[in-house]
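> pasting the sequence and the predicted model now:
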Amino acid sequence: MQAFTTLTGTAIPFGLENVDTDVIIPARFLKTISRAGLGKFAFTTLREDPANIFDSPRNSGAPILIAGDNFGCGSSREHAPWALADMGIRVVIAPGFADIFSGNAFKNGILLVQLPQEAIDRLLEVATEHPVTINLENQTVTTPFQDRFTFPVDPFRKHCLVNGLDEIGLTIGMAPAIAAHESRLATDRPWI
C-alpha cells in the first residue's frame, strides 16, 4: 500500500448524500476479482449525463472526492473502494460514511475524512476552482484561503496509512517476533 502523509490536489465537488455502493460501482460490473479497470465503471449511472462532474477535464485524475453524508451505504462490496482507487481517488471527504465501506476503504488505502456539513459546504465551494490539501500527520484539511479543518482518525488506521501498511505489510513487520516464537516453540515443544 502506498504511504500517505500529505496530498494536495483537485477535489471533485460531488456532495451527493446517501450514495450507496451500487451507485459507486453497479452490480453488473462485479463479475471480476481483479481491481484493475473498475474505475471506468465507477458512477456509471451518473456518468450517463454528458455534463457529469466525474468526466469534466478539470476533474480527470482528481485524487480527492468531496461527498455528502452516508457515503458508501448499501452492500458490503469491496469493489466500491477498488473502483474509487482505480479512478485515482485517495481521499473521500464527507460528513459520514457507512461502517462497512469505511473498513473496506481503509484496507484499500483510501483515507476517509469526516468533517461537519459546514466544512463540507465550504470545501465544495472552494473545490470548484482551487486545490485542497489533506495532511494526515496533522489531521487537517486546508485550502488556499486559509481554511483549516481538523478531523479525527483512528490511531491504528493513521499508523497504517502513514506507513503504507496493509494487513500483509503489518504481518511482514512482525517477522522477527514470529521467527522468535517459532524458534522458542521448536525448543520448548519439539513434538509439535
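Yep, it's here. Residues are numbered from 1 along each chain as shown.
> average pLDDT for stretch 45-55?
Averaged over stretch 45-55, pLDDT sits at 95.
> ok, and what's touching that stretch?
12, 13, 14, 23, 26, 42, 43, 59, 87 (CB atoms under 8 Å, 6 or more residues apart in numbering). Any C-beta I mention is one placed from the backbone N, CA and C, and that applies to glycine too.
> now for these: which two are most distant?
13 and 26 (22.6 Å; CB to CB).
> summarise which helices and strands the helix or strand bottoming out on mean pLDDT in the chain is packed against.
When each helix and strand of the chain is scored by mean pLDDT, DSSP states H and E, helix 167-173 comes last, with a mean of 88. Contact partners of helix 167-173 among helices and strands, from 3 or more CB pairs under 8 Å, 6 or more residues apart in numbering; DSSP states H and E: helix 155-163.
> who's in contact with the closest residue in space to residue 89 that isn't next to it in sequence?
Excluding the flanking residues, the one nearest residue 89 by CB to CB, 6 or more residues apart in numbering is residue 65, at 5.2 Å. Contacts for residue 65 (CB under 8 Å, 6+ apart) come out as 11, 12, 14, 84, 89, 91, 92, 93.
> in contact with the residue most central in space within the chain, which residues?
The centre of the chain sits closest to residue 110, judged by CA atoms, centre = their mean, with a distance of 2.2 Å. Residue 110 is in contact with 81, 84, 85, 89, 90, 91, 92, counting by CB under 8 Å, 6+ apart.
> out of those residues, who's the most crowded?
Neighbour counts for the contacts of residue 110, by other CB atoms under 10 Å, peak at residue 81, which reaches 28 neighbours.
> report pLDDT for that one.
96.
> that one contacts residue 108, correct?
Yes: if you go by CB atoms under 8 Å, residue 81 and residue 108 touch, sitting 4.3 Å apart.
> surely residue 130 touches residue 144?
Yes: contact criterion CB under 8 Å: residue 130 and residue 144 qualify, at 5.2 Å.
> related to what we said a few turns ago, just the ones in strands from the contacts of residue 65, please.
11, 12, 91, 92, 93 (DSSP state E).
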